[in-house]
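>>> Need coordinates for the following:
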Amino acid sequence: MLRRQTYCSSKGHAMPARKYTRQDLRDAAEKYKNWGKWGPNDEIGTLNYTSPEDIVAATRLVKKGKVISLALNFDHLGPQGAKSKYPSMGRTNPIHTMLRTGTDAYSGVLDKRGIRAADDMVTMPLQCGTQWDGLGHVFYENYMWNGYDCREVTTSGAQKCGIEKTKNKMVGRGVLLDVARFKGVGSLDDGYGITCKDLDDCAKAQKVEVKRGDYVIVRTGMMQRCQDAGSWDGYPGGDAPGFAFETLEWIKRTELAALASDTWGCEVRPNESEEGINQPWHWITIPIMGMTMGEIFELKELGEDCAADKVYEFLFVAPAIPITGAVGSPVNPLAIK
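Predicted structure coming up:
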């Protein structure tokens, strides 16, 4: 039996909790495993929950034609490289390089055809900004989603569960759960574990029902706190509010298509696990449950708009860039109301 070990106050402040062990993770893996649910060859997991009928219904949510981007700009001002007690694992902010410019054209530096134009390129880790974690991103021991061997991800890319397999997904009904606003705070405290009750109570207060196949987006306020302070220090991999381990039960119950938040890693940090177990919630949600996860979503404008019109559901359009064999993808998620 999976033991509940998270204890939190009602206002978004962290309180001490016992640590999850590898046995707890083994219990959770057995309890929440979706391997084979959509057949032995499935590579997209819970994205299967969204039906064509769900997408048609989501289009009917568009009432005022307002489009809200949930993406940070991809530039050198992003969160990677900020001060953190955790190593960046090679992630940097995007490096934007001009290959041809207007000043080149003006000064007569043209190619043989005399084309007057600009070209550019970007070098960036695929998960450095607003992005999707694909199903090849995190392993449970030596396995990835649906029981595929982790060695299927090679130096040539993910041979199974590559992000390109999702290129016609991430479209459907989006639901914002603004937990920070619901709790009456600008931002949840670092280390606060969002509980199943928090999510249910927030949805009830907002008069919105989470349905099978939804894309649920949770606002903690952390990103806005960093932006207001003018510093990303601690954001990439540091202490943060986020989903408590117990929310695995909520994810299973709601049968959502995907989950996203405004933090670097979605789950609460410090993690609720023993030494040597990093990101335990990820261990279960991605490789065991098959859930694609959105991180570093910009939710200030969406939060304000939903608070103003009291409408917390919308058409959500956020397909991944189909980079063959990639385990994640930058994205410009759109909430259309």
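>>> For the lowest-mean-pLDDT helix or strand in the chain, list every residue counted as buried.
The weakest-scoring helix or strand in the chain, judged by mean pLDDT, DSSP states H and E, is helix 102-106 (a mean of 89). Neighbour counts over helix 102-106 (16 or more other Cβ atoms under 10 Å) mark residue 104 as buried. C-beta coordinates here come from the backbone N, C-alpha and C atoms, glycine included.
>>> Distance from the chain centre to that helix, please.
In this view, helix 102-106 has its centroid 40 Å away from the chain centroid, taken as Cα atoms, centre = their mean, to the nearest Å.
>>> What segments of the stretch 101-250 of the chain are strands?
119-123, 131-133, 153-154, 157-158, 171-178, 193-194, 215-219, 242-243 (DSSP state E, counting those that start in this stretch).
>>> The fourth one: how far from the chain's middle?
On the basis of Cα atoms, centre = their mean, the separation between the geometric centre of strand 157-158 and that of its chain is 20 Å.
>>> Then the third one?
For strand 153-154, the distance from its own C-alpha centre to the chain's C-alpha centre is 22 Å (Cα atoms, centre = their mean).
>>> In contact with the nearest residue to residue 223 once chain neighbours are set aside, which residues?
With Cβ to Cβ, 6 or more residues apart in numbering as the criterion, residue 223 has its nearest non-adjacent residue at 4.1 Å, and that residue is residue 262. Neighbouring residues of residue 262 by Cβ atoms under 8 Å, 6 or more residues apart in numbering: 218, 219, 220, 221, 222, 223, 224, 296, 297, 298, 299.
>>> again, only this time at 10 Å
Residue 262 is in contact with 70, 72, 130, 180, 187, 217-226, 240-242, 294-300, 302-303, counting by Cβ atoms under 10 Å, 6 or more residues apart in numbering.
>>> Quick check on those: which are buried?
Counted by 16+ other Cβ under 10 Å, the contacts of residue 262 give 70, 72, 130, 180, 187, 217-226, 240-242, 294-300, 302-303 as buried.
>>> Which helix or which strand is home to the closest residue in space to residue 120 that isn't next to it in sequence?
Nearest non-adjacent residue to residue 120, counting by Cβ to Cβ, 6+ apart: residue 98, 4.9 Å away. Assigned by DSSP states H and E, residue 98 falls within strand 95-100.
>>> Looks like residue 224 contacts residue 298 (just checking).
Yes. Here residue 224 reaches residue 298: they are 8.7 Å apart, a contact under Cβ atoms under 10 Å.
>>> Would you map the helices across the stretch 101-250 of the chain?
102-106, 179-182, 196-206, 222-229, 248-254 (DSSP state H, counting those that start in this stretch).
>>> Show me what the fourth one is packed up against.
Read that as helix 222-229. helix 179-182, helix 300-309 (3 or more Cβ pairs under 10 Å, 6 or more residues apart in numbering; DSSP states H and E).
>>> dump the residue contacts of the residue lying closest to residue 301 once chain neighbours are set aside.
Leaving aside its sequence neighbours, residue 301 sits nearest to residue 68 (Cβ to Cβ, 6+ apart; 5.3 Å). Neighbouring residues of residue 68 by Cβ under 10 Å, 6+ apart: 298-306, 314, 333-337.
>>> and of those, the nearest to residue 266?
residue 299 (12.9 Å; Cβ to Cβ).
>>> re earlier: quickly run through the sheet partners of the helix or strand harbouring the residue nearest to residue 301, with directions.
Residue 68 is part of strand 67-69, with elements assigned from DSSP H and E. Strand 67-69 pairs in its sheet with strand 334-336 (antiparallel), by DSSP bridges.
>>> contacts for the strand it pairs with?
Contacts of strand 334-336 (Cβ under 10 Å, 6+ apart): 58-59, 61-71, 171, 174-176, 215, 217, 297, 299, 301-302, 305-306, 313-318.
>>> For the stretch 51-200 of the chain, give me the ranges with low pLDDT.
Across the stretch 51-200 of the chain, residues meeting the criterion (pLDDT under 70) sit at 85-88.
>>> which other helices and strands contact the strand holding residue 98?
strand 119-123.
>>> Give me the neighbour count for residue 304.
14 (other Cβ atoms under 10 Å).
>>> Enumerate every residue touching it.
68, 178, 181, 224.
>>> export those to TSV and tack on distance to residue 233?
As requested, those are arranged in TSV below (distance: Cβ to Cβ, whole Å):
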residue	distance to residue 233
68	27
178	25
181	24
224	15
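>>> Would you point out the most distant pair within those residues?
68 and 181 (15.8 Å).
>>> Dump stretch 195-205 to PDB, restricted to CA.
Extracted in PDB, the C-alpha atoms of stretch 195-205 (Å, rounded to 0.1, in the frame of the first residue of the first chain):
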ATOM      1  CA  THR A 195      -2.100  18.000  -2.900                       C
ATOM      2  CA  CYS A 196      -5.100  16.200  -4.400                       C
ATOM      3  CA  LYS A 197      -7.300  18.200  -2.200                       C
ATOM      4  CA  ASP A 198      -5.800  21.500  -3.400                       C
ATOM      5  CA  LEU A 199      -6.500  20.600  -7.000                       C
ATOM      6  CA  ASP A 200     -10.100  19.400  -6.300                       C
ATOM      7  CA  ASP A 201     -10.900  22.400  -4.100                       C
ATOM      8  CA  CYS A 202      -9.400  24.900  -6.600                       C
ATOM      9  CA  ALA A 203     -11.500  23.400  -9.400                       C
ATOM     10  CA  LYS A 204     -14.600  23.500  -7.300                       C
ATOM     11  CA  ALA A 205     -14.000  27.200  -6.400                       C
END
